[in-house]
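*Asks:* build the 3D model from these lines:
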Amino acid sequence: MAKKAIKVSKVGTAELVKMVAYKAQATQKDTKAVLDAFYEIAATCIASGKKFDMNGFGKIDFVTIKGKPERYGIVNPKTQEMGNLPATPDYTKPVFNMSKKLRDTVKEKTQDAPFVEK
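*Replies:* This next block holds a predicted model:
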């Protein structure tokens, strides 16, 4: 028996506010204020290089991406000139890691059905 595909769709901020307000039995105005404050605090923590951990949901960690070395003898396809590409430095970027609890919940609710784009 083929598994039913789950269509991927987007939940916008307004819809998220409505869902959280309904679940928490709070007003949408208060819920929007809380979500805005959460976003502001999370963005501040991440921008200052602090790891951000949300138990049961996931965490935002940082990985270092290695830069590329300088490259010599590169041909510009437009002008056919030989040139050099300068080295790019190493940089750090934030990545989101889903918690095991959330991963298991999603797996249980979807029963391993494939996700498809609309």
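*Asks:* packing partners of the worst-scoring helix or strand of the chain on mean pLDDT?
*Replies:* Here the helix or strand of the chain ranked lowest by mean pLDDT, DSSP states H and E is strand 115-117, holding a mean of 76. Counting contacts by 3 or more C-beta pairs under 8 Å, 6 or more residues apart in numbering; DSSP states H and E, strand 115-117 is packed against strand 6-8. (C-beta placed from N, C-alpha, C; glycine too.)
*Asks:* three-state assignment of residue 97?
*Replies:* The local conformation at residue 97, judged by DSSP: H, G, I helix; E, B strand; the rest coil, is strand.
*Asks:* is it in a bridge, and if so with what?
*Replies:* In this entry, residue 97 is beta-bridged to residue 59, by DSSP bridges.
*Asks:* tell me the gap between the helix or strand hosting residue 101 and the middle of its chain.
*Replies:* Per DSSP states H and E, residue 101 falls inside helix 100-110. Distance of helix 100-110 from its chain centroid, counting by C-alpha atoms, centre = their mean, to the nearest Å, is 17 Å.
*Asks:* buried ones in the helix or strand hosting residue 16, by neighbour count?
*Replies:* Following DSSP H and E, one finds residue 16 within helix 13-24. For helix 13-24, the neighbour count (16 or more other C-beta atoms under 10 Å) marks 17, 21 as buried.
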